[in-house]
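Asks: curious how this folds, go ahead:
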Amino acid sequence: MAINAVLKHYEGYIITLSTRKMYDEGGRLHFCVDETLRRRLETKLITKILAFEAV
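Replies: Residues are numbered from 1 along each chain as shown. Sure, this is the predicted structure:
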């Protein structure tokens, strides 16, 4: 539950970091979330949480 709470807290920041510009066939700009990058960032955060040692 604690890891989910941390992920929820950083969800907006992770989405912001994983947002990419994409252009359609007409040359119009769209912003979309790169789901692969988003999952990689979440996995990295979980790894760091689990490696954390409280003193």
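Asks: test my guess that Tyr10 contacts Leu45.
Replies: Yes: assessed by Cβ atoms under 8 Å, Tyr10 is found in contact with Leu45 at 6.4 Å. (Glycine included, C-beta is placed from N, CA and C.)
Asks: what about the helices in this protein?
Replies: Assigned by DSSP state H, the helices in the chain fall at 2-17, 35-51.
Asks: I'd like the ones you listed written out as a markdown table, with mean neighbour count, mean pLDDT and distance to Gly27 added.
Replies: Shown next, in a markdown table, are the helices of the chain (neighbours: other Cβ atoms under 10 Å; pLDDT from 0 to 100; distance: least, Cβ to Cβ, whole Å):
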| stretch | mean neighbour count | mean pLDDT | distance to Gly27 |
| --- | --- | --- | --- |
| helix 2-17 | 11 | 96 | 25 |
| helix 35-51 | 12 | 96 | 24 |
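Asks: Tyr23 is nearest to which of these?
Replies: helix 35-51 (18.1 Å; Cβ to Cβ).
Asks: show me what contacts Ile15?
Replies: 33, 38 (Cβ atoms under 8 Å, 6 or more residues apart in numbering).
Asks: ok, it to Leu29 distance?
Replies: Ile15 is 18 Å from Leu29, where distance means Cβ to Cβ, to the nearest Å.
Asks: Leu17: what's it in contact with?
Replies: Counting by Cβ under 8 Å, 6+ apart, Leu17 has contacts 37, 41.
Asks: swap the cut-off to 10 Å and go again
Replies: 10, 33-34, 37-38, 41 (Cβ atoms under 10 Å, 6 or more residues apart in numbering).
Asks: pretty sure Phe31 contacts Arg20?
Replies: Yes: under the criterion of Cβ atoms under 10 Å, Phe31 makes contact with Arg20 at 7.1 Å.
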